[in-house]
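1. fold the stuff below for me.
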Amino acid sequence: MMKIQHVLLAILVAAIWGLSFIVVKIGLTQCPPLLLAALRFVVVFAVGVLLFPRPTLPWRLYLRAGLCLGVIQFAGLFSAIKLGMPAGIVSVLAQVQVFITLLLANVLLQETRSAVQKAVMALALLGVLLLGYARYHDALPLLPLLLALLGAAGFAWGNIELKRSGKVDMFGFAVWMSVVPPLPLLLLSFTLEGGPAAAWSVLAHFTWTGLLALLFLALIGTLFALGSWGKLLSLYPATLVAPFSLLSPVFGLLGGYVILQERYDGLSILASALIVAALALNTYAGKLGAFKGWLQRAHLTIKGLPHR
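-> I've put the predicted structure just below:
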């Protein structure tokens with residue numbers, strides 16, 4: 001049983017991660033997506049390098065995780081929001097990383113999937129396809145949807161790299177991984193967003209709104225939230241902590257509706273609900289199987305039949 005303060009912390013972290021997409025939308029009014037992502041990691045490293053020692057892991061792991069979790073993930077997600085995908089919807093699509101992680105684990109780590117996991121992956125895929133149709137029906141180009149899924153894929157591949165490394169201090173890892181993304185993100189920004197002159201102009205005209213958004217994403221959304229999540233996982237079983245992440249897209253959708261006045265059509269809501277339902281089923285699949293087995297054993301015991 002989790003202590004009440006840790007339950008509240010887990011809910012807070014889920015809320016931060018969901019609302020981070022809303023903050024990204026606000027930050028993008030001040031700064032282009034690739035530059036904003038680069039600045040996020042510059043701030044994380046600049047603040048955290050003096051506070052957290054580097055975990056003793058090979059630098060190649062930091063490189064691969066930084067490229068996946070930093071460059072691919074945030075370049076895709078931030079660009080999708082910039083190109084018009086509602087921030088609340090992107091918060092849902094980001095959670096597709098759970099199922100992409102399962103697929104990559106099957107291919108790269110030879111981990112097998114149960115029939116229930118395969119079924120919920122199909123349910124999530126249906127949700128993504130419906131969401132794509134809804135966006136197309138609304139005359140929104142499919143490129144933002146593909147970019148959001150690319151970001152989710154980067155997140156998933158990063159999960160595989162973390163799994164290969166074993167247990168790691170999340171505060172320290174987040175800080176030292178952040179040394180990798182700025183350079184490739186800046187190069188992409190200079191190539192696609194107007195060059196160094198445009199980047200300097202953005203920085204010279206940064207307002208307090210943009211600065212607060214950047215600090216939230218770096219210090220609250222990355223250092224505090226990721227570190228707190230890692231701390232909770234060190235105190236409790238993952239099966240007890242992980243379900244709280246299901247609240248993240250809920251906060252994202254509600255935040256988009258209340259703060260940004262985003263409006264979602266019925267098909268987008270249905271598609272998002274299918275994805276969240278698939279996440280929930282995937283999280284609780286093992287518990288449902290155990291509960292079913294307990295019921296079967298109880299039934300056999302009552303009837304006086306032998307059981308294994």
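2. can we go C-alpha only for contacts and neighbour counts from here?
-> OK.
3. go through the strand or helix carrying residue 8 and flag the buried ones.
-> Using DSSP states H and E, residue 8 falls within helix 4-27. Going by neighbour count (16 or more other C-alpha atoms under 10 Å), the buried part of helix 4-27 is 6, 9-27.
4. what of stretch 156-170?
-> Buried residues in stretch 156-170 (16+ other C-alpha under 10 Å): 156-162, 169-170.
5. what sits against residue 195?
-> residue 189 (C-alpha atoms under 8 Å, 6 or more residues apart in numbering).
6. now do the helices in the stretch 201-308 of the chain.
-> 208-215, 225-235, 238-241, 247-258, 266-303 (DSSP state H, counting those that start in this stretch).
7. how about the second one: buried residues?
-> Read it as helix 225-235. 225-230, 232.
8. distance to residue 51 and pLDDT added to those, as TSV?
-> Shown next, in TSV, are the buried residues of helix 225-235 (distance: C-alpha to C-alpha, whole Å; pLDDT from 0 to 100):
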residue	distance to residue 51	pLDDT
225	16	86
226	15	79
227	13	79
228	15	84
229	18	78
230	16	73
232	20	80
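9. just the pLDDT for residue 153.
-> Per-residue confidence (pLDDT) for residue 153: 87.
10. list the contacts of the helix or strand it falls within.
-> Per DSSP H and E, residue 153 falls inside helix 143-165. Applying C-alpha under 8 Å, 6+ apart, the external contacts of helix 143-165 come out as 57, 61, 64-66, 68-69, 71-77, 79-81, 83-85, 90, 93-98, 100-101, 104-105, 132.
11. next structured bit after that helix?
-> That would be, after helix 143-165 and using DSSP H and E, helix 170-177.
12. and that next one, what does it pack onto?
-> helix 33-48, helix 59-65, helix 225-235 (3 or more C-alpha pairs under 8 Å, 6 or more residues apart in numbering; DSSP states H and E).
13. need the ones you listed in JSON lines with distance to residue 198, can you?
-> Converted to JSON lines, these look like this (distance: least, C-alpha to C-alpha, whole Å):
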{"stretch": "helix 33-48", "distance to residue 198": "10"}
{"stretch": "helix 59-65", "distance to residue 198": "28"}
{"stretch": "helix 225-235", "distance to residue 198": "31"}
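14. out of those, nearest to residue 204?
-> Across the helices and strands packed on helix 170-177, residue 204 has its closest neighbour in helix 33-48 (13.4 Å, C-alpha to C-alpha).
15. does anything pack onto that closest one? Which helices or strands?
-> helix 73-82, helix 170-177, helix 182-192, helix 208-215.
16. including distance to residue 42 and mean pLDDT, could these go into JSON lines?
-> Output for the helices and strands packed on helix 33-48, formatted as JSON lines (distance: least, C-alpha to C-alpha, whole Å; pLDDT from 0 to 100):
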{"stretch": "helix 73-82", "distance to residue 42": "14", "mean pLDDT": "92"}
{"stretch": "helix 170-177", "distance to residue 42": "10", "mean pLDDT": "86"}
{"stretch": "helix 182-192", "distance to residue 42": "6", "mean pLDDT": "95"}
{"stretch": "helix 208-215", "distance to residue 42": "10", "mean pLDDT": "93"}
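17. most packed of the ones you listed?
-> helix 73-82 (a mean of 25; mean count of other C-alpha atoms under 10 Å).
18. from the chain's centroid, how far away is that helix?
-> 12 Å (C-alpha atoms, centre = their mean, to the nearest Å).
19. next, the angle helix 4-27 makes with that helix.
-> Angle between the axes of helix 73-82 and helix 4-27 is 60 degrees (criterion: axes from the mean of the first three to the mean of the last three C-alpha atoms, to 10 degrees).
20. now do helix 73-82 against helix 33-48, angle only.
-> Interaxial angle of helix 73-82 relative to helix 33-48 (the same axes, to 10 degrees): 130 degrees.
21. how about low-confidence regions in the stretch 151-300 of the chain?
-> 162-163, 165-166, 234, 237-240, 242-243, 246, 272, 275, 279-280, 282-300 (pLDDT under 70).
22. how about 90 then?
-> Applying pLDDT under 90 to the stretch 151-300 of the chain picks out residues 152-174, 177, 194-195, 204-206, 222-300.
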